[in-house]
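J.: can you look at this prediction? I've put the sequence above it.
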Amino acid sequence: MTTDAYIAGLPKVELHLHIEGSFEPALMFDIAKRNGIALPYDSVEALQAAYNFQDLQSFLDLYYQGMNVLQTEQDYFDLTWAYLTKMAAENVQHVEIFWDPQGHTDRGVAFEVPLHGIKAALKKAEAELGISHQLIMSFLRHLSEEQGFATLEQALPHRDAFIGVGLDSSEVGNPPEKFERLFDRCRAEGFKLMAHAGEEGPPAYVRGAIDTLKVDRIDHGNHCLDDPELARRVADLGLCLTVCPQSNMRLKNCLDIRQHPIRAMLDLGIAACVNSDDPAYFGGYMNQNYQLIQDGLGLSRAEIGTLARNGITGSFASPARKAELMANLEAYEAEAPKA
Ligand code: ADE
Ligand code: ZN
């Protein structure tokens, strides 16, 4: 069995996926057309050619532009269903996905529209594809804490629809401390907490996410490795890092896959897992992300298994579902041909 085939068949979970980042150019053109919106590109190919990013911000500019065409519940349903059917084909059995409500409400789309469309697709996937899920509401960190509080107020009537909150968008210059009061409130409301930290930002931002925001999970976390004491602490805490290899390459946060930080994380015993972040923009869903680090770092099957286990353990699935996911993984490992 080739490693490609082994990874393709491996039961996987994804914990770091921005649903707006799964918006494939062809679907974007279809939805733009039905909503009577003109995209500033002549063709799918011209749009794809623009996906040549220098850093996080150059990506975010196109990411926000892309989501502008989403307007109706059906649009959000179609977006989410397209992602989930791909994940079923890759044997992804559990997903935890972010949405950025402020990216929609700020241009006049009611808070409920994306929420209902996304949730309907997630429920259909649970029933028809056997993919379990959690939904996470992410605050945009380039906006103010006050705007975050206003979004939280809109969200609270729907609190049962999502398990927790995240923090994303432009990292450098928007440290975790900017959102301390908002996260205190979210914790008091009983939400799980996570934050993007150490994607482009320094180790101090990872420390801020842990000590000030008191997160349950860190998205990316790569730069914790720049501070050995912090890296040791992340390992000792068993804090899950949702690492996104293809994203790191495409945003030039890693220049050589042979030097990708997930190798050092594994060696330090950090609970890292593999995710796709914004696959339509970065050119790779779950299988390709595993494949990329496998090719670059020559992972053993035991290491691939550790990454897959870290995803299950770090998830917010129920204990019963976690046990089921773990049993599926163990059965696969026991049965897959050795080479
Ligand atoms: N929003 C969508 N993708 C993101 C990323 N990789 N970092 C920060 N914010 C994001
Ligand atoms: Zn992300």
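T.: Now that the structure is in, tell me what you want to look at. Just so it is clear, the model here is predicted, and its values are computed rather than measured. Ligands and ions are numbered 1, 2, ... in the order given.

J.: what pairs with the residue in the chain positioned nearest to ligand 1 across the strands?
T.: In the chain, no residue comes nearer to ligand 1 than Asp168, which is 3.5 Å away by CB to the nearest ligand atom. Every C-beta, even on glycine, is put in place using the N, C-alpha and C of the backbone. Here Asp168 sits in beta bridges with Leu140, going by DSSP bridges.

J.: now for it: which residues touch it?
T.: His18, Phe98, Asp100, Ser138, Phe139, Leu140, Arg141, His196, Asp219 (CB atoms under 8 Å, 6 or more residues apart in numbering).

J.: for Asn287, same thing?
T.: Asn287 makes contact with Ile7, Ala8, Glu90 under the criterion CB under 8 Å, 6+ apart.

J.: got a quick PyMOL command for the buried subset of those?
T.: Listed next is the PyMOL selection for buried residues among the contacts of Asn287, using 16 or more other CB atoms under 10 Å:
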select buried, resi 7+8+90
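
J.: nearest to Pro114, out of the contacts of Asn287: which one, please.
T.: Closest approach to Pro114 among the contacts of Asn287 (CB to CB): Glu90, at 24.1 Å.

J.: which pLDDT does the model give the closest one?
T.: Listed pLDDT for Glu90 reads 98.

J.: hang on, the earlier thing: give me the buried entries from the contacts of Asp168.
T.: His18, Phe98, Asp100, Ser138, Phe139, Leu140, Arg141, His196, Asp219.

J.: so which of the residues you listed are also by ligand 1?
T.: Among those, proximity to ligand 1 is found for His18, His196 (CB under 6 Å from any ligand atom).

J.: JSON lines for the buried ones among the contacts of Asp168, including pLDDT and distance to Leu241?
T.: Below are the buried ones among the contacts of Asp168 laid out as JSON lines (pLDDT from 0 to 100; distance: CB to CB, whole Å):
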{"residue": "His18", "pLDDT": "99", "distance to Leu241": "17"}
{"residue": "Phe98", "pLDDT": "99", "distance to Leu241": "16"}
{"residue": "Asp100", "pLDDT": "99", "distance to Leu241": "21"}
{"residue": "Ser138", "pLDDT": "99", "distance to Leu241": "17"}
{"residue": "Phe139", "pLDDT": "99", "distance to Leu241": "20"}
{"residue": "Leu140", "pLDDT": "99", "distance to Leu241": "21"}
{"residue": "Arg141", "pLDDT": "98", "distance to Leu241": "18"}
{"residue": "His196", "pLDDT": "99", "distance to Leu241": "11"}
{"residue": "Asp219", "pLDDT": "99", "distance to Leu241": "8"}
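
J.: give me every residue in the chain lying close to ligand 1.
T.: His18, Gly21, Leu56, Tyr63, Asp168, Ser169, His196, Glu199, Ser247, Asp277, Asp278.
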